[in-house]
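Trainee: Sharing a sequence plus its predicted fold:
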Amino acid sequence: MKRTGFIGGSDLYSIMKGDWHELWLVKTGRKESEDLSHLFNVNLGTYTEQFNLDWLMKQTGLSLTYPAKHPESLPTKIIDDVPYQARVDALAQDEEGNRFVVECKHTSSARTMTQMLDSYMPQMHLYMRVHEIKKCYLSVIFGNTWDFVVVDYSHDYWQKIHNEVWSFWCMVRDGIEPDTYSAKKINWTGVNINGLVARDANQDNEFVNLAHDFVNASHTAKTHEVIKKELRSMVQDNEREVFCDLLTIKRDKRGACRISINEGAA
């Protein structure tokens with residue numbers, strides 16, 4: 001597949017990981033992209049993609065279309081001189097006519113949805129930006145289990161990603177060989193996931209003090225339960241997660257808030 005002349009979703013994964021030099025060689029035509037067709041996990045993901053999409057349709061009632069089957073018509077959008085291309089796994093529409101991007105992944109059972117979001121948030125935002133669609137389904141097979149989330153488009157988050165891509169593309173355009181670059185992690189806690197946001201509570205003195213009390217009282221059941229109730233009450237209705245250096249509170253799909261002490265805090 002020709003990979004020069006544009007930035008695609010998988011390219012964002014390399015850019016944000018800091019793998020600029022290798023990608024620059026490919027994008028300037030100095031090197032062929034690596035052939036991954038011999039890798040088991042790549043082939044497995046290819047074979048399970050349609051099943052993943054079919055299962056998503058069955059569970060959600062969405063209707064899907066597959067633009068990637070017509071590569072000659074893949075949408076390209078030029079933003080600040082950067083030519084972006086969106087090879088989505090599918091586009092979806094619900095019964096109310098709302099449109100969605102769909103991205104499918106197949107990974108190991110050891111990974112979490114948060115880790116998948118961390119890896120593919122830039123890619124999903126590129127697709128939403130190019131297609132001018134505000135929501136994306138991320139449908140993931142974890143070993144032999146399945147789950148999905150709905151990600152809302154955040155222009156603030158996208159702009160930070162785009163700034164990194166623009167810096168890289170200028171080097172491609174001008175033939176400037178990049179030096180060593182480190183991975184760049186853009187905070188996405190403010191992005192709505194399933195309609196909920198995450199909050200960093202490290203600057204919330206009341207929350208942090210309660211977190212300390214919770215960790216220190218873990219051996220005293222009665223006190224522990226009282227503090228747990230107070231901490232849970234601090235999670236707002238629009239929040240999926242509230243965290244500080246000591247602990248994290250996450251809301252599950254049933255709405256229950258579960259508290260876990262962060263590694264090294266106990």
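Mentor: In hand now; what should we look at?

Trainee: Would you confirm that M234 contacts F207?
Mentor: Yes: shown here, M234 and F207 form a contact pair, counting by Cβ atoms under 8 Å, at 5.7 Å. For every residue, glycine as well, the C-beta is placed using N, CA and C.

Trainee: Of those two, give the one with the bigger neighbour count.
Mentor: Between M234 and F207, counting by other Cβ atoms under 10 Å, F207 is the more crowded of the two (22 against 16).

Trainee: Going along the chain, name the strands of the stretch 51-200 of the chain.
Mentor: 63-65, 76-79, 82-85, 90-93, 99-107, 135-142, 145-152, 197-200 (DSSP state E, counting those that start in this stretch).

Trainee: Kindly reformat those as a markdown table and extend each row with distance to L12 and mean pLDDT.
Mentor: Formatted as a markdown table, the strands of the stretch 51-200 of the chain follow (distance: least, Cβ to Cβ, whole Å; pLDDT from 0 to 100):
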| stretch | distance to L12 | mean pLDDT |
| --- | --- | --- |
| strand 63-65 | 23 | 95 |
| strand 76-79 | 13 | 95 |
| strand 82-85 | 9 | 96 |
| strand 90-93 | 19 | 96 |
| strand 99-107 | 12 | 97 |
| strand 135-142 | 14 | 98 |
| strand 145-152 | 14 | 97 |
| strand 197-200 | 21 | 94 |
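
Trainee: what would the ones you listed look like in a markdown table with distance to C244?
Mentor: Shown next, in a markdown table, are the strands of the stretch 51-200 of the chain (distance: least, Cβ to Cβ, whole Å):
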| stretch | distance to C244 |
| --- | --- |
| strand 63-65 | 40 |
| strand 76-79 | 36 |
| strand 82-85 | 36 |
| strand 90-93 | 36 |
| strand 99-107 | 28 |
| strand 135-142 | 26 |
| strand 145-152 | 23 |
| strand 197-200 | 7 |
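
Trainee: before we move on, the earlier item: overlap in contacts, M234 and F207.
Mentor: Counting by Cβ atoms under 8 Å, 6 or more residues apart in numbering, the residues touching both M234 and F207 are A201, V242.

Trainee: low-scoring stretches of the stretch 151-266 of the chain, by residue?
Mentor: Within the stretch 151-266 of the chain, the ranges that satisfy pLDDT under 70 run 218, 265-266.

Trainee: Mind doing that once more with 80?
Mentor: 180, 182, 218-219, 264-266 (pLDDT under 80).

Trainee: quick one on the thing from earlier: output the strands of the stretch 51-200 of the chain as CSV; include the columns distance to G8 and mean neighbour count.
Mentor: Formatted as CSV, those follow (distance: least, Cβ to Cβ, whole Å; neighbours: other Cβ atoms under 10 Å):
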stretch, distance to G8, mean neighbour count
strand 63-65, 19, 14
strand 76-79, 10, 13
strand 82-85, 5, 18
strand 90-93, 16, 20
strand 99-107, 13, 21
strand 135-142, 16, 22
strand 145-152, 18, 16
strand 197-200, 28, 18
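
Trainee: Out of those strands, which gets nearest to T220?
Mentor: The closest approach between T220 and any of those, judged by Cβ to Cβ, belongs to strand 197-200 at 27.5 Å.

Trainee: now for that closest one, which elements pack on it?
Mentor: Judged by 3 or more Cβ pairs under 8 Å, 6 or more residues apart in numbering; DSSP states H and E, strand 197-200 is in contact with strand 239-243.

Trainee: what does the strand it packs on contact?
Mentor: With contact meaning Cβ under 8 Å, 6+ apart, strand 239-243 is reached by 189, 193-194, 196-201, 207, 234-235, 248-251, 262.

Trainee: Also stretch 208-225?
Mentor: Residues outside stretch 208-225 that contact it (Cβ under 8 Å, 6+ apart): 201-202, 227-228, 230-231, 234, 244, 246-247, 259, 261, 265-266.

Trainee: so which of those is the most crowded?
Mentor: Busiest of those [other Cβ under 10 Å] is A201, holding 25 neighbours.

Trainee: quick one: contacts for that residue?
Mentor: Contacts of A201 by Cβ under 8 Å, 6+ apart are F207, V208, M234, V242, F243, C244.

Trainee: Which of these sits closest to I141?
Mentor: F243 (27.0 Å).
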